[in-house]
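**Student:** Here is a sequence together with a model predicted from it:
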Amino acid sequence: MLIETKGLTKRFGGLVAVNDVEIGIEKGKITAIIGPNGAGKSTLFNLISGYHPSSEGSITFKGEDITKKRSFNIAKLGIARTFQTTNLFETATVMDNVIVGHRLRTKSNVFDAVFRTPRLRREEQASRAKAAEVLEFVGLEHEAHRLVQDISQEAKKRVAFALALATDPEIVFLDEPAAGINPDETENLAALIRKMIDRGLTVCLIEHKMQMIMGLADHIVVLNYGKKIAEGTPEEIQTNEEVIEAYLGG
Ligand code: ADP
Ligand code: MG
């Protein structure tokens with residue numbers, strides 16, 4: 001397993017948002033996390049990517065304990081993520097959004113910036129080259145110089161993917177990538193996720209669009225009220241009584 005959690009728990013005051021969750025994410029596969037609103041899916045991502053400290057339990061990446069690591073260091077290990085609501089600079093270009101995202105993770109300090117050191121210039125060039133590469137990968141090479149506010153909702157989703165990919169991750173966590181786009185665009189985005197797998201990446205995504213998930217995921221984990229209530233192949237999940245009940249509010 002590339003990532004494993006054991007007994008993972010997150011409490012917000014009296015609320016147990018993630019409750020004793022054990023999951024394994026297999027390298028080179030697409031793992032989907034599903035479950036009703038408030039089930040703890042985004043919180044699980046926040047724990048794994050280091051945005052929230054866990055209350056209990058452990059997280060390992062390639063066997064290394066990363067439970068106590070902060071988000072910045074987790075990103076450096078090769079774990080990238082997108083957020084449920086993408087925070088892009090609407091009045092900047094697509095290219096500049098990706099460059100800024102990449103540069104936030106490189107090493108130049110204020111001294112380099114003020115004196116325009118050779119290191120800074122090298123890093124700027126590297127960031128620009130990396131941004132061009134990932135924009136081509138997500139199919140946005142022709143939109144690179146448009147303002148984010150002028151591109152489609154689907155293209156914005158692709159920019160978010162590009163931002164995640166710019167850090168050269170081994171695994172990408174996508175929080176509801178297909179929210180707010182139409183069925184055709186959803187199919188395009190699914191094709192892009194398959195392309196990530198073909199390139200050797202591992203993907204873990206949260207998604208509500210069942211048709212997309214059932215056609216895309218290798219493994220599905222179902223959360224309800226913070227607890228894992230089922231996991232298995234799409235076929236197994238579709239016929240699981242407890243899952244059907246959770247979704248029908250039974
Ligand atoms: P999902 O992504 O499955 O819809 P979340 O992980 O966002 O669910 O939320 C799970 C529960 O934890 C919800 O009840 C939510 O209100 C609560 N929660 C999430 N983040 C916080 C936070 N930062 N502070 C307090 N409660 C939170
Ligand atoms: Mg969520």
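**Tutor:** On my side now, so go ahead. Ligands and ions are numbered 1, 2, ... in the order given.
**Student:** Please count neighbours and contacts with C-alpha atoms only from this point.
**Tutor:** OK.
**Student:** And the least confident helix or strand in the chain by mean pLDDT, what does it pack against?
**Tutor:** The least trusted helix or strand in the chain, going by mean pLDDT, DSSP states H and E, turns out to be helix 110-115, with a mean of 73. Applying 3 or more Cα pairs under 8 Å, 6 or more residues apart in numbering; DSSP states H and E, we find helix 110-115 packed against helix 118-137.
**Student:** hey, C-alpha coordinates of the helix it packs on in CSV?
**Tutor:** Taking Å, rounded to 0.1, in the frame of the first residue of the first chain, the C-alpha atoms of helix 118-137 are listed here in CSV:
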residue,chain,number,x,y,z
PRO,A,118,20.9,33.7,-10.4
ARG,A,119,19.2,31.1,-8.2
LEU,A,120,15.9,33.0,-8.4
ARG,A,121,16.2,33.3,-12.1
ARG,A,122,16.9,29.6,-12.5
GLU,A,123,14.0,28.8,-10.3
GLU,A,124,11.7,31.1,-12.2
GLN,A,125,12.6,29.4,-15.5
ALA,A,126,12.1,26.0,-14.0
SER,A,127,8.7,27.0,-12.7
ARG,A,128,7.7,28.4,-16.1
ALA,A,129,8.9,25.2,-17.8
LYS,A,130,7.1,23.0,-15.3
ALA,A,131,3.9,25.0,-15.6
ALA,A,132,4.0,24.7,-19.4
GLU,A,133,4.5,20.9,-19.1
VAL,A,134,1.6,20.3,-16.7
LEU,A,135,-0.7,22.7,-18.6
GLU,A,136,-0.1,20.6,-21.8
PHE,A,137,-0.7,17.4,-19.8
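**Student:** pLDDT on the very next helix or strand once past that helix, on average?
**Tutor:** Per DSSP states H and E, helix 118-137 leads on to helix 153-165 as the next helix or strand towards the C-terminus. Averaging pLDDT along helix 153-165 yields 95.
**Student:** Kindly report the same for stretch 18-30.
**Tutor:** Throughout stretch 18-30, pLDDT has a mean value of 98.
**Student:** Between the two ends of stretch 224-236, what distance do you get?
**Tutor:** Stretch 224-236 has its terminal residues 17 Å apart, counting by Cα to Cα, to the nearest Å.
**Student:** how far is that stretch from where the chain is centred?
**Tutor:** Computed by Cα atoms, centre = their mean, to the nearest Å, the chain-centroid distance of stretch 224-236 equals 19 Å.
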